[in-house]
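quick one, what's the 3D model for this:
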Amino acid sequence: MVFGPRGGGYDHAITVFSPDGSLYQVSYAAEAVKKGSTAIGVKCTEGIVLAVDKSLPSNLVESESFEKIFQIDDHMATASSGIIADARVLVDKARVQAQVHKLTYDEEISVMALTKSIGDLKQMHTQYGGLRPFGVSLIIAGVDSEGPQIFVTEPSGAFLEWKATAIGSGKPTAMEYFEKEYEPTKSMEESVIVALKVLKKSMDSDMVASNIEVVEITAKDGLFRRLNPDELKKYIEMLPEDVEESDEEPEEDTESED
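Alright, predicted model coming up:
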């Protein structure tokens with residue numbers, strides 16, 4: 001067996017601790033998330049907004065088939081970044097868990113309970129032979145008896161609750177903005193604009209209705225709703241224009257003619 005230069009043999013076959021206490025396969029899964037498209041989650045008093053960059057890999061792809069935000073239940077959704085095939089598996093597990101809970105207890109599952117279940121599944125894949133960590137992070141958001149809630153699950157299985165958060169390649173830029181500008185009292189419309197403004201900063205292409213996806217879950221009725229292209233166009237038009245001003249004046253041509 002040929003060992004990789006970084007793992008030294010501790011990143012092959014099964015996830016085991018290296019002498020310095022690292023789990024290399026979990027770190028590699030986190031790197032896959034960092035290379036994924038950006039997903040944003042914003043909580044406000046009126047509910048939750050999820051927004052993702054879903055730039056198509058080809059102009060021939062039907063945009064409706066390229067999904068980055070998945071509905072789990074009427075009151076809950078998840079946005080993903082990383083390996084989308086892994087995300088679909090976790091989404092299917094989450095949907096089954098939500099329906100089993102509803103049939104068993106005659107009530108909707110809480111956002112915290114579902115997040116813990118997904119986190120436990122992710123963690124299990126870090127310690128058993130023959131399994132690899134899920135290479136995806138999920139923003140799990142919904143409205144329950146505790147009000148609007150947003151959680152992020154990492155490939156390791158760890159999870160935290162957030163007021164505003166981001167995953168994927170644009171996370172550093174987004175989190176820097178949220179640390180300075182986030183206000184929990186913003187309305188749903190203002191939160192959509194904030195989410196799109198942050199998302200736009202991380203996109204390589206121009207923001208148009210066909211390459212973004214936005215979902216609202218309102219605190220009033222606790223229902224999932226995906227914004228249609230016309231609504232997205234309206235919000236995009238409301239975004240402030242990015243004007244880049246240079247501090248340097250253009251240099252004058254001081255060369256003299258011979």
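
tell me the pLDDT of residue 60.
Looking at residue 60, its pLDDT is 83.

and if you look at the one 10 residues further on?
Reading off the confidence values, residue 70 has pLDDT 96.

repeat for residue 206
87.

spatially nearest residue to residue 68 (excluding sequence neighbours)?
Spatial nearest neighbour of residue 68, excluding adjacent residues (C-beta to C-beta, 6 or more residues apart in numbering): residue 52 at 4.1 Å. Just so you know, the C-beta spots here come from the backbone N, C-alpha and C atoms, and that holds for glycine as well.

apologies, that question was intended for residue 23.
Spatial nearest neighbour of residue 23, chain neighbours left out: residue 15 (5.5 Å); criterion: C-beta to C-beta, 6+ apart.

assumed the residue nearest to residue 68 was part of a strand.
Yes. Judged by DSSP: H, G, I helix; E, B strand; the rest coil, residue 52 forms part of a strand.

please verify my assumption that it contacts residue 36.
No. Residue 52 lies out of contact with residue 36 (C-beta atoms under 8 Å); the separation is 9.8 Å.

now do the SS call for residue 49.
Recorded secondary structure, residue 49: strand (three-state DSSP).

dump the residue contacts of it.
Taking C-beta atoms under 8 Å, 6 or more residues apart in numbering as the criterion, residue 49 is in contact with 40-42, 188, 191-192, 195, 214-216.

separation between it and residue 163?
Distance of residue 49 to residue 163, given as C-beta to C-beta, to the nearest Å: 12 Å.

how close does residue 78 sit to residue 222?
Counting by C-beta to C-beta, the gap from residue 78 to residue 222 is 16 Å.
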